[in-house]
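got a sequence here, can you build the structure:
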Amino acid sequence: GDAANVLSVRVETASVAMAAGLGSGAWKFAEGGGFLFAGSGDIINISITATIATIMILYINGRFKAYTLLLTPTLVLIIAGGIGVLTLPYVKMFTGGLASMIGSLMDFQPIIMSLLMASIFAVMIVSPISTVGIALAINLTGIGSAAANIGICATAFGLAITGWKANSTGISIALMAGSPKM
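Reported below is the predicted structural model:
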């Protein structure tokens, strides 16, 4: 009954996590036969791999009956994780190229690009797009990172001030204090 459902959910969650970890590129075999976790991996490829793993879980849900504990993690890790490993070099090439382009544009024209970066991140913070995910994917650092943070802070303060009459004081203060910290 309930214990079997809880176990099934835990197995499915762990299966998606293992596939995403494999597809991230952060799991590596070290020289000398060890296993190494190196950084967070490529966030875009993690999302792709986790999506594929979740679709697999939804498709195979309940099909293996008593063998769920054995087959679900194995199949999800091999298939979804394998697809993640195959897509990793191409996604890394794309995100690396994007990071290089943004970095060179920031060096070439820092004032205009800072305004553009602040505006882009201001729009992204109120959208469902993950600003942290995008910043990690393009290796955002230096002036570009500062500009993105300014856009996020300006949006948070703008939302808090414009919502002052509609929201309680606590919500407005939470927006001003919490959003820039995030």
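
pretty sure Gly62 belongs to a strand, no?
No: read with DSSP: H, G, I helix; E, B strand; the rest coil, Gly62 is coil and lies in no strand.

now it, what are its backbone angles?
Per-residue torsions, Gly62: phi 80, psi 0 (degrees, to the nearest 10).

quick one: the residue lying closest to it once chain neighbours are set aside from Leu77, how far?
Closest residue to Gly62 apart from its sequence neighbours, by Cβ to Cβ, 6 or more residues apart in numbering: Thr68 at 7.7 Å. For every residue, glycine as well, the C-beta is placed using N, CA and C. From Thr68 across to Leu77, the span is 14 Å (Cβ to Cβ, to the nearest Å).

so which of these two has more stuff around it?
Between Thr68 and Leu77, counting by other Cβ atoms under 10 Å, Leu77 is the more crowded of the two (21 against 18).

where do the strands sit along this protein?
27-29, 35-37 (DSSP state E).

list of residues touching the first one?
Taking contacts as Cβ atoms under 8 Å, 6 or more residues apart in numbering, the residues outside strand 27-29 that touch it are Gly21, Phe35, Leu36, Phe37, Ala38, Gly41.

switch those over to CSV; also include distance to Ile152, neighbour count and pLDDT.
Output for the contacts of strand 27-29, formatted as CSV (distance: Cβ to Cβ, whole Å; neighbours: other Cβ atoms under 10 Å; pLDDT from 0 to 100):
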residue, distance to Ile152, neighbour count, pLDDT
Gly21, 28, 19, 90
Phe35, 37, 8, 77
Leu36, 33, 10, 81
Phe37, 29, 11, 82
Ala38, 28, 11, 78
Gly41, 24, 23, 82
